[in-house]
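**Q** one predicted model, sequence on top.
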Amino acid sequence: MDVLSLIGLVVGIAAILAGQYFEGGHITALLNGPALFIVVGGTFGAVMVQTPLRSFLRGFRISVWVFFPPRIGLHNSIDKLISWSKIARKDGLLGLENIEDTEQEPFARKGLQLLIDGSEPSAIRDILHVEIDARERHDLQAARVFESMGGYSPTIGIIAAVLGLIQVMGNLTDPDRLGQGIAIAFVATIYGVGLANLVFLPIANKLKSHISNYSHYYEMITEGLVQIAEGENPRNIEVRLNGYLRAPY
């Protein structure tokens with residue numbers, strides 16, 4: 001679990017609530033159901049209009065990466081690639097056929113198939129890079145779902161605030177409804193800006209970071225497979241791939 005994401009969310013919300021308390025206000029004053037409904041509903045509606053269904057659903061599926069990031073085993077993958085290079089050097093590329101049947105990573109299995117079929121190193125690199133680019137574009141489009149929410153929610157908050165002020169202007173002689181309208185106006189603005197900067201935009205940026213790490217991981221696998229196809233010495237392959245370990249994960 002990504003504890004830093006959880007701590008950051010808690011600290012951000014706690015800072016706002018503590019500030020409200022220390023200023024002498026009541027925390028319950030920040031609770032307003034209609035304002036939250038307008039901001040969240042309006043934001044989701046706007047994003048649904050602009051986003052393809054596949055990307056919209058993908059965005060929420062990968063949102064769990066914020067707290068439960070995918071495990072990318074660079075060290076294990078490097079060890080596998082080195083062992084594959086030793087097998088290929090000893091028994092030829094056809095010696096990897098048994099490995100292909102047991103490999104769980106679809107991307108690596110596709111690369112193994114290309115190796116066993118005798119594809120040229122340049123062809124292997126080009127084919128796998130096309131898949132890397134396609135995956136990255138698809139996932140980035142999914143991450144932009146939350147980026148778009150971060151852009152829309154402050155504006156929807158302003159719309160909700162204007163609705164509250166309209167209610168205020170129409171009920172100047174009714175103190176009870178006057179207070180409710182003012183509350184919706186100001187609290188809705190807080191919801192819109194707060195959700196954008198504490199939830200939606202941080203989620204989008206965290207997802208982009210994990211997507212970049214995935215692309216880096218696939219590039220490492222591609223490089224290892226290409227080196228095997230070129231008949232490179234396993235020791236040289238290991239030295240080359242160890243350079244990928246410097247990336248933060």
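**A** Looks like it arrived, so ask away.
**Q** tell me which stretches of the protein form helices.
**A** Applying DSSP state H to the chain gives helices spanning 3-22, 33-50, 53-62, 74-91, 97-102, 106-116, 121-170, 175-195, 201-229, 234-242.
**Q** got the ones you listed as TSV, with mean pLDDT and distance to residue 68 columns?
**A** C-beta coordinates here come from the backbone N, C-alpha and C atoms, glycine included. Below are the helices of the chain laid out as TSV (pLDDT from 0 to 100; distance: least, C-beta to C-beta, whole Å):
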stretch	mean pLDDT	distance to residue 68
helix 3-22	88	9
helix 33-50	92	23
helix 53-62	94	10
helix 74-91	90	19
helix 97-102	82	27
helix 106-116	91	21
helix 121-170	91	16
helix 175-195	79	21
helix 201-229	94	10
helix 234-242	90	27
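**Q** let's have the ones you listed in CSV, adding mean neighbour count.
**A** Formatted as CSV, the helices of the chain follow (neighbours: other C-beta atoms under 10 Å):
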stretch, mean neighbour count
helix 3-22, 12
helix 33-50, 17
helix 53-62, 15
helix 74-91, 17
helix 97-102, 12
helix 106-116, 19
helix 121-170, 18
helix 175-195, 19
helix 201-229, 20
helix 234-242, 16
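**Q** check contacts around residue 120.
**A** Counting by C-beta atoms under 8 Å, 6 or more residues apart in numbering, residue 120 makes contact with residue 229.
**Q** so how far is residue 69 from the closest residue in space to residue 60 that isn't next to it in sequence?
**A** Once flanking residues are discounted, residue 60 sits nearest to residue 145: 7.5 Å by C-beta to C-beta, 6 or more residues apart in numbering. Using C-beta to C-beta, to the nearest Å, residue 145 is found at 18 Å from residue 69.
**Q** skipping adjacent residues, who's closest to residue 152 in space?
**A** residue 46 (4.5 Å).
**Q** I meant to write residue 165 there.
**A** Nearest to residue 165 is residue 185, by C-beta to C-beta, 6+ apart, at 5.1 Å.
**Q** ok, that neighbour touching residue 159?
**A** No - when contacts are counted by C-beta atoms under 8 Å, residue 185 is not listed as touching residue 159 (10.7 Å).
**Q** centre-most residue in the protein?
**A** In the chain, the centroid-proximal residue (C-alpha atoms, centre = their mean) is residue 207; its distance is 1.7 Å.
**Q** what number of residues lie near residue 119?
**A** Counted with other C-beta atoms under 10 Å, the neighbours of residue 119 add up to 18.
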